[in-house]
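Novice: sequence and predicted structure, then a few things I'm wondering about:
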Amino acid sequence: MVGVAGFEPATPASRTQCSTGLSHTPTETAAYSVAFHALQEADFGDFEPVTAGLMTEISTAGEAELAQAARALAEGRLVAFPTETVYGLGADATNADAIARLYQAKGRPAFNPLISHVADLAAAGKIGRFDAPALALAKAFWPGPLTLVLPKTRDCAVAELATAGLDTIAIRIPSHRIARAILTAFGKPVVAPSANISGHVSPTTAQHVESDLAGRIDLIVDGGPVDVGVESTIVGCFEEPMLLRPGGLPREEIERVLGRALVRPPADVESDSAQPLAPGMLASHYAPRTRVRLNATDVAPDEALLAFGPALKDAERAAAVMNLSGSGDLNEAATNLFGYLRALDARMAKTIAVMPIPNHGLGEAINDRLRRAAVERE
Ligand code: TXA
Ligand code: MG
């Protein structure tokens, strides 16, 4: 048994029972922690800087195009593709040069670690070590909008640059047909952050990707609008399972499978100076350019209104109005969230006023993204 409180590798019995193809090396004793080492310039390797004017090809997702996407990944290229949550910008997770170019294309802080996407549980077990709760979550919710943060396996092939020096790794098996086809054809883990410039709103259509990243990436596979509309829920499989990011899978469903409540991350991880336990928690992360005002119960004529449920009575005097869900359906609201934020941002109003959103189900993820969008920036 590994001498880490609360973390036990799956027992041989449970391994046979599950017959998932996961294998844990019982002798593996790497202690689990959120250790972090600062990446050096050398970690970025030698790579061609992104100069303006890559020819970004946009293809519809036919069989030939999916094969082309897998080939492009194998050549170290950057390929945007739809997942059920948001569009991801994919790169070969084992190719540090490709990952360095990905960080650069997104303009992403280099310490922000990436999610490795794989096609099946056997592939996940090669890069992350599952304890019993992690395995239960994987079996209940994969493929789907859940990311698990796990201790890395010793022979994890994912480049250090992708995990930003952490000894844990974020893993997800997406359910989208196109994402799965690309992952299966490629056969290796693919890192895929949301396919937007760092700090912008996540893309839910190929056109959103194009408007942020055209000229900076090689290929966009267009699979139409996504289903879920907010990113995956991230659970840290630590001594106590921790909700690192609310997302497309409601907390309640995860807690039902675990039979216990998810713990909250330490309060100080929200501050920019904190160690990046989950740097997606950086305060201002999902940001439109327009200032955002939350919990609006009225709206001024120079404001754009992001409504939810029955519209405010003074809504018609707003500069623009979009309703996330007139019927108050949180799933519908999640699907519309990023697209509507983008559209209202483009109206150049003084402020985007946002009506209150209930905090249950997908409402928790929606409110999380809205709070980040509302953080004052210079
Ligand atoms: O739905 C999604 O998750 C989308 C689609 C494309 O799959 N991807 C996505 O990736 O949202 P990204 O890179 O935008 O967000 C990844 C989040 C970040 O908040 C990052 O800090 C966190 O995952 N993360 C990655 N590795 C981590 C680790 N080892 N420990 C804690 N957090 C980690
Ligand atoms: Mg993102």
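Specialist: Cool, the structure landed. Since this is a predicted model, take the numbers as computed values, not measurements. Numbers count the residues shown, from 1 in each chain. Ligands and ions are numbered 1, 2, ... in the order given.
Novice: on the three-state scheme, the residue nearest the centre of the chain is what?
Specialist: Centroid-nearest residue in the chain, with Cα atoms, centre = their mean: Glu231, separated by 4.7 Å. Assigned with DSSP: H, G, I helix; E, B strand; the rest coil, Glu231 falls in the coil class.
Novice: is it true that it touches Glu84?
Specialist: No: checked against Cβ atoms under 8 Å, the pair Glu231 and Glu84 is beyond contact range at 10.5 Å. All C-beta atoms are positioned from the backbone trio N, CA, C, and that covers glycine.
Novice: quickly list what's touching both of these two.
Specialist: 145, 248 (Cβ atoms under 8 Å, 6 or more residues apart in numbering).
Novice: quick one: the helices in the stretch 51-200 of the chain?
Specialist: Counting by DSSP state H, counting those that start in this stretch, the stretch 51-200 of the chain has helices at residues 63-74, 96-106, 121-127, 132-141, 160-163, 177-186.
Novice: other SSEs contacting the last one?
Specialist: Packed against helix 177-186, as judged by 3 or more Cβ pairs under 8 Å, 6 or more residues apart in numbering; DSSP states H and E, are the following elements: helix 63-74, strand 79-82, strand 87-92.
Novice: just the buried residues of the longest one, please?
Specialist: If I follow you right, that is helix 63-74. The neighbour-count check on helix 63-74 (16 or more other Cβ atoms under 10 Å) flags 65-66, 68-70, 72-73 as buried.
Novice: next one: it to chain centre, how far?
Specialist: Distance of helix 63-74 from the chain centroid (Cα atoms, centre = their mean, to the nearest Å) equals 22 Å.
Novice: hey, C-alpha coordinates of that helix in CSV?
Specialist: Output in CSV follows, covering the C-alpha atoms of helix 63-74 (Å, rounded to 0.1, in the frame of the first residue of the first chain):
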residue,chain,number,x,y,z
GLU,A,63,-14.3,11.1,-42.2
ALA,A,64,-11.4,12.4,-44.3
GLU,A,65,-11.3,15.6,-42.2
LEU,A,66,-11.1,13.6,-39.0
ALA,A,67,-8.2,11.6,-40.3
GLN,A,68,-6.6,14.8,-41.5
ALA,A,69,-7.0,16.2,-38.0
ALA,A,70,-5.3,13.2,-36.4
ARG,A,71,-2.5,13.5,-38.9
ALA,A,72,-2.0,17.1,-38.2
LEU,A,73,-1.8,16.4,-34.4
ALA,A,74,0.8,13.7,-35.2
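Novice: His185 touches Ala67, doesn't it?
Specialist: Quick fix: residue 185 is Ala, not His. Yes: in this structure, Ala185 is within contact of Ala67 by Cβ under 8 Å, at 6.0 Å.
Novice: around ligand 1, pick out the residues from this structure.
Specialist: 83, 85-86, 88, 112-115, 147, 149, 163, 166, 168-170, 172, 174, 192-194, 231-232, 234, 244-245, 277-280 (Cβ under 6 Å from any ligand atom).
Novice: may I see the ChimeraX selection of the buried members of those residues?
Specialist: Isolation of the buried members of those (16+ other Cβ under 10 Å) is achieved in ChimeraX through the command below:
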select :83,85,86,88,112,113,114,115,147,149,163,166,168,169,170,172,174,192,193,194,231,232,234,244,245,277,278,279,280
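Novice: contacting residues for the residue nearest to Leu312 when sequence neighbours are not counted?
Specialist: Nearest non-adjacent residue to Leu312, counting by Cβ to Cβ, 6 or more residues apart in numbering: Val299, 5.8 Å away. Residues in contact with Val299 (Cβ under 8 Å, 6+ apart) are 305, 312, 314-315, 317-318, 353.
Novice: please redo it, this time with the cut-off set to 10 Å
Specialist: Counting by Cβ atoms under 10 Å, 6 or more residues apart in numbering, Val299 makes contact with 293, 305-307, 311-319, 321, 349, 351-355.
Novice: what does Ala119 give?
Specialist: Ala119 makes contact with 143, 173-174, 179-190, according to Cβ under 10 Å, 6+ apart.
Novice: of the residues you listed, which is the nearest to Asp131?
Specialist: Ile173 (17.5 Å; Cβ to Cβ).
Novice: domain ranges for the chain?
Specialist: 41-281, 291-373 (automatic domain parsing).
Novice: those into a markdown table, with extra columns for mean pLDDT?
Specialist: A markdown table is the format used below for these (pLDDT from 0 to 100):
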| stretch | mean pLDDT |
| --- | --- |
| domain 41-281 | 88 |
| domain 291-373 | 93 |
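Novice: how about the strands in the stretch 201-350 of the chain?
Specialist: Taking DSSP state E, counting those that start in this stretch, the strands of the stretch 201-350 of the chain run over residues 219-222, 233-236, 242-245, 291-293, 303-307, 320-323.
Novice: same list, those strands, but as a markdown table with distance to Ile366 please.
Specialist: Listed next are the strands of the stretch 201-350 of the chain as a markdown table, based on distance: least, Cβ to Cβ, whole Å:
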| stretch | distance to Ile366 |
| --- | --- |
| strand 219-222 | 25 |
| strand 233-236 | 12 |
| strand 242-245 | 13 |
| strand 291-293 | 13 |
| strand 303-307 | 10 |
| strand 320-323 | 14 |
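Novice: any idea which of those strands gets closest to Ala157?
Specialist: Closest of these to Ala157 is strand 233-236, at 21.6 Å (criterion: Cβ to Cβ).
Novice: only C-alpha atoms, please: export the closest one in CSV.
Specialist: Only the C-alpha atoms of strand 233-236 are listed here, as CSV (Å, rounded to 0.1, in the frame of the first residue of the first chain):
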residue,chain,number,x,y,z
THR,A,233,-16.4,20.1,-13.9
ILE,A,234,-12.9,19.5,-12.4
VAL,A,235,-12.6,17.2,-9.4
GLY,A,236,-9.3,16.9,-7.6
